[in-house]
Each structure stands twice: as structure tokens, then as C-alpha cells.
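1. Attaching a predicted model along with its sequence, questions to come.
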Amino acid sequence: MAFNQNEQTNTEFERFDSNGTRKNTKAKKAGKGGIIAIIVLVIALFVGLSSMVITHEDEYKLVRQFGKVQRVISDAGLSFKIPFIESVDTIPNQILLYDLPSSDVITSDKKTMIVDSYVLWQVTDPLKFAQTLSCSVSNAERRIDTIVYNATKNTISNMKQDEVIKSRDGKMTVTVDETESDVVNNDLEVETEEEVIEITSLTEEIMAQINDVEEQYGIEIVTVEVKKLDLPDDNKQAVYTRMISERENIAAQYTAEGESQAKMIENTTDKEVAIMISNAEAQAEATIAEGEAEYMRILSDAYSDPAKTDFYSFVRALDALEASMNGEDKTIILSDDSPIAQIFNGQY
């Protein structure tokens, strides 16, 4: 029996079983080999990925073997671990913000205040952080909450309410009055300056109360900032009333000081004016005295000259006559022996 080429090729890959079913033996073998290769590739890929450790700039990696920390990776980049044997924990390597819940504290003068603050903190020792706080940020925040609250309570309990308010920003502005008097120029100058006095801020006071948590927990509290200082609703009005009364007392004190300073300036000015008027009157009297002395000297010179005696006697007689003619009646009666009548008669 003759076969063509295609039939001969098929006979190389096909055979009949006892029931007459044909099987492709080589094709099945090739299919099984491909599946095994894919499985091996997937396993190799999984193992390769499981052995890689990628560390970012803002984190630490802790490599554990059977729960025990073998090494700490702090440098960013790619590293490797033993898959299925070593595990990796991630710890943040950045400054974290924790907003503390508002809390009530009592000042030394028994005033209740509500403090709302926040904390900036970071992990500095990842190994100790893992050993004491189990690599948990929540555990660290709970511990920070307790530490900061105790420090805040201890700080404010040793301060009065007005001291707490003044230390809120860490500085006070004080107005200073400087009075300078220039006696030579008769000038009075008043200068007012604002002096800023640096005081210990509330943040610094609280930070001084916080013990070294880095050695204990492997974390550092960078700063504690107070967002808001408030009063309970039940005593706000009483405190506001007291503050208004204090401000009114301060205003009255400033007013009294201003009036006192104004009175001082007024008295100084009046004194200087009185001195100036007295000097001017003395100078005027001296000028008048000099004028009268000159007048008397001129008269003396005039009467000492016989050629001028008659003329000045005539002028003096006219002046005396003018001084005697006052009022509405301008008539004067003189006797013949009167010096004035003799002048008019040409007998003098």
C-alpha cells in the first residue's frame, strides 16, 4: 500500500491505541516543559523580588531574622535579604507632626487654662525605637502625649496666669519715657521709646521640663509649640472683667503719669517765662535809668552855660504851664511877679 508524504509525516507523530484513538506524544511533552519553565521563572522572579529591600530617603529599614534585628539600613538605595528567612520593618526617617488633644491645666494662682499644642518629633535610634515601641508610630505618639502633658502641667502650675500669657510669644514690649532738659537753650525735650525685653518663652519652659527621651525610646522631641491658650467657658466672663479692670487701672496710671509730666513741663515753662520777663524788666529799668541820667546830664550842661540858661528857663516855664493847664478850663491867671508872667512880659 502506498502513502504520500503528508501521511508519512503524520505517522512519525501519531500512533493508534487499542481503541483507535490517536495521541500526539511529542506535543504533550513540549507543553509540559513550557509550563514547568514558566513556573520556575515565576518562582525565581518571586524569590528575587522577595530578596530585594528598597530604602527611601525618608525611612529606615530593619532586617529581622526569626524576629531578631540583624541590621539597620539607613542609607537610601537597594539592598538584599534572605527570602523567607529575613523580614523587613519600615520606620519613618523624617520630622513628624503630632497634634496633641486640648488639655486643662491649672496655674499657680488657681486659674484654669486650656492648652492646645503640637509636637515635632523624629526617630533618631531606630533599633531602640523598635525595641521599646515596637516600630509603632502610634505607640510613640501615646508616649509623647503623656510626656508633653506632664511637662506642660508642671510648667504652667508654677506660673501665674498673667505670666503664662506674657510668655506666650517669649517677649514683651515696654514703653520707656526719657525726659531731657537743656537749661542753656531753655529747651525741654521728652522722648518716648519702646524697649523689647526678651523673656523665656512658654515653649522653652516646657522643653526644659522634658527629660531625655532619646536615650529611653530612641526618639527626639524637636519642639513643642502652643497653638492656643484659652479659658474655660464658665469663667471667661469673670476673667475678662478682671482683665478690663486691670487695663483700666493701667490706663489711669498712665494718665496720672502723663498729667504729672505735663504739669512738670508747664511749671518749667512758666518758670522760664518768669525769668525771661524779669530779665526784660530789669533791662528796661536799667535803660530808663541810663536815659534819665543822660537827661540830667544834658540839663546840667544846659544850665551851666549862661548863654543857654534863659532859653531853657523859657522852655521849662512852658512845660510847667502846659502841665498846669488840664481839664476843660484853659484859662490861667498869673500875678506880675510870677516867673512865667515875667517870661511872657519879657522881664525874665
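-> Structure received.
2. Please count neighbours and contacts with C-alpha atoms only from this point.
-> Fine.
3. Strands along the protein, start to end?
-> Counting by DSSP state E, the chain has these strands, from start to end: 14-16, 22-24, 52-55, 59-65, 68-73, 77-80, 86-92, 96-99, 103-106, 112-123, 171-182, 187-198, 219-230.
4. Now the last one: buried residues?
-> Taking 16 or more other CA atoms under 10 Å as the neighbour-count basis, strand 219-230 is seen to contain the buried residues 219-221, 224-226.
5. Dump stretch 88-99 to CSV, restricted to CA.
-> Only the C-alpha atoms of stretch 88-99 are listed here, as CSV (Å, rounded to 0.1, in the frame of the first residue of the first chain):
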residue,chain,number,x,y,z
VAL,A,88,11.8,43.8,57.0
ASP,A,89,10.2,46.6,59.1
THR,A,90,9.9,50.2,58.0
ILE,A,91,10.5,53.1,60.3
PRO,A,92,10.0,56.8,59.3
ASN,A,93,13.2,58.8,59.0
GLN,A,94,11.7,62.3,58.9
ILE,A,95,10.3,65.0,61.3
LEU,A,96,6.7,64.0,62.2
LEU,A,97,3.9,66.2,63.4
TYR,A,98,1.7,65.1,66.3
ASP,A,99,-1.2,67.3,67.2
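6. re earlier: CSV for the buried residues of strand 219-230, including distance to Ile82?
-> What follows is the buried residues of strand 219-230, written out as CSV (distance: CA to CA, whole Å):
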residue, distance to Ile82
Ile219, 29
Glu220, 32
Ile221, 35
Val224, 42
Glu225, 44
Val226, 47
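7. Which one of these is nearest to Lys160?
-> Minimum distance to Lys160 across the buried residues of strand 219-230 is 16.9 Å, recorded for Val226 (CA to CA).
8. Next one, pLDDT for that closest one please.
-> On pLDDT, Val226 comes in at 89.
9. ok, for Asp145, nearest residue in space, not its chain neighbours?
-> Counting by CA to CA, 6 or more residues apart in numbering, Asp145 lies nearest to Leu100, which is 6.5 Å off, once chain neighbours are set aside.
10. how many other residues sit next to the one you found?
-> Using other CA atoms under 10 Å, Leu100 is surrounded by 20 other residues.
11. in the stretch 151-300 of the chain, which spans are helices?
-> Ranges of helices within the stretch 151-300 of the chain are 161-166, 202-209, 214-217, 236-304, based on DSSP state H, counting those that start in this stretch.
12. what's the model's confidence in the first one, averaged?
-> So that's helix 161-166. The average pLDDT for helix 161-166 rounds to 81.
13. do the same with the longest one
-> Helix 236-304 shows a mean pLDDT of 88.
14. if I pick the residue nearest to Asp145, what's in contact with it?
-> With contact taken as CA atoms under 8 Å, 6 or more residues apart in numbering, Leu100 is in contact with 116-119, 145.
15. And Asn279, by the same measure?
-> Under the criterion of CA under 8 Å, 6+ apart, Asn279 has no neighbours.
16. Appreciated, that's everything.
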